[in-house]
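Student: sharing a model prediction with you, sequence too.
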Amino acid sequence: MRIRSYSPFSEAQAVFVELKKKFDGIVYKRRVKMSRRAASAFCTGGIGFEQACALYPLMEGVGAGAGAGASGGSAANADAGANADAGANKLAADGAISGTGSAQCGAQASGTASAAERWIQRVPSRGEVQIGHEIEAFLKRYDDLAPSMLISCLREAWCPIDPADEDCVDRVTF
């Protein structure tokens, strides 16, 4: 199991919670996208996938200024921060998590969105909910999991820049 991020630390940032399994020489990867705070509460706070996503929503930008970093990245709106802080206070009051002032559960990144973009709360798809339940079962089966390492690297991903190729999934990473 791992939690993967593709950008510098931010509480509102999108991360992927992943399970990787190898069977008959083939690697299978199951992953869900959620906010870093939701991932922290889900993996260490003892709350379910859907509850974590509801309490700490991943806000995604749509519109002119919403580029690659917008999926929970650098410019989360004030409502996202308020919702996440309210969720942290509720979890702490319920005793579900402790240390809401820690690096993993601290204040949401703040910023302002341009007038041409707006932010929407990302709702997990049915497939993601299914994968979330699989990860929940894994966490219950191995209830004494703890972080074992942090790997950090600089990556440069190359992909098509032609807008007509926007749906292309081919990418080369150095």
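Tutor: Arrived safely, thanks for sending. Residues are numbered from 1 along each chain as shown.
Student: how about low-confidence regions in this structure?
Tutor: Under the criterion pLDDT under 70, the flagged ranges of the chain are 61-118, 163, 165-166, 174.
Student: can you show me the helices along it?
Tutor: Listed from the start of the chain, the chain has helices (DSSP state H) covering 36-44, 49-55, 78-94, 126-141.
Student: contacting residues around the last one?
Tutor: Outside helix 126-141, the residues within contact range by Cβ atoms under 8 Å, 6 or more residues apart in numbering are 1, 17, 19, 30-33, 42-43, 48-50, 53, 124, 145. C-beta coordinates here come from the backbone N, C-alpha and C atoms, glycine included.
Student: among those residues, which ones are buried?
Tutor: 17, 19, 30-33, 42-43, 48-50, 53, 124 (16 or more other Cβ atoms under 10 Å).
Student: just those now: which is nearest M149?
Tutor: Of all the buried ones among the contacts of helix 126-141, C43 has the smallest distance to M149: 15.2 Å, by Cβ to Cβ.
Student: so that closest one is in contact with I3, correct?
Tutor: Yes: with contact taken as Cβ atoms under 8 Å, C43 and I3 are classed as touching, separated by 6.9 Å.
Student: now for those two: what residues contact both?
Tutor: Jointly contacting C43 and I3 under the rule Cβ under 8 Å, 6+ apart are V17.
Student: could the buried ones among the contacts of helix 126-141 go into JSON lines alongside distance to A157?
Tutor: JSON lines is the format used below for the buried ones among the contacts of helix 126-141 (distance: Cβ to Cβ, whole Å):
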{"residue": "V17", "distance to A157": "21"}
{"residue": "L19", "distance to A157": "23"}
{"residue": "R30", "distance to A157": "22"}
{"residue": "R31", "distance to A157": "17"}
{"residue": "V32", "distance to A157": "21"}
{"residue": "K33", "distance to A157": "17"}
{"residue": "F42", "distance to A157": "27"}
{"residue": "C43", "distance to A157": "26"}
{"residue": "G48", "distance to A157": "32"}
{"residue": "F49", "distance to A157": "28"}
{"residue": "E50", "distance to A157": "31"}
{"residue": "C53", "distance to A157": "26"}
{"residue": "P124", "distance to A157": "25"}
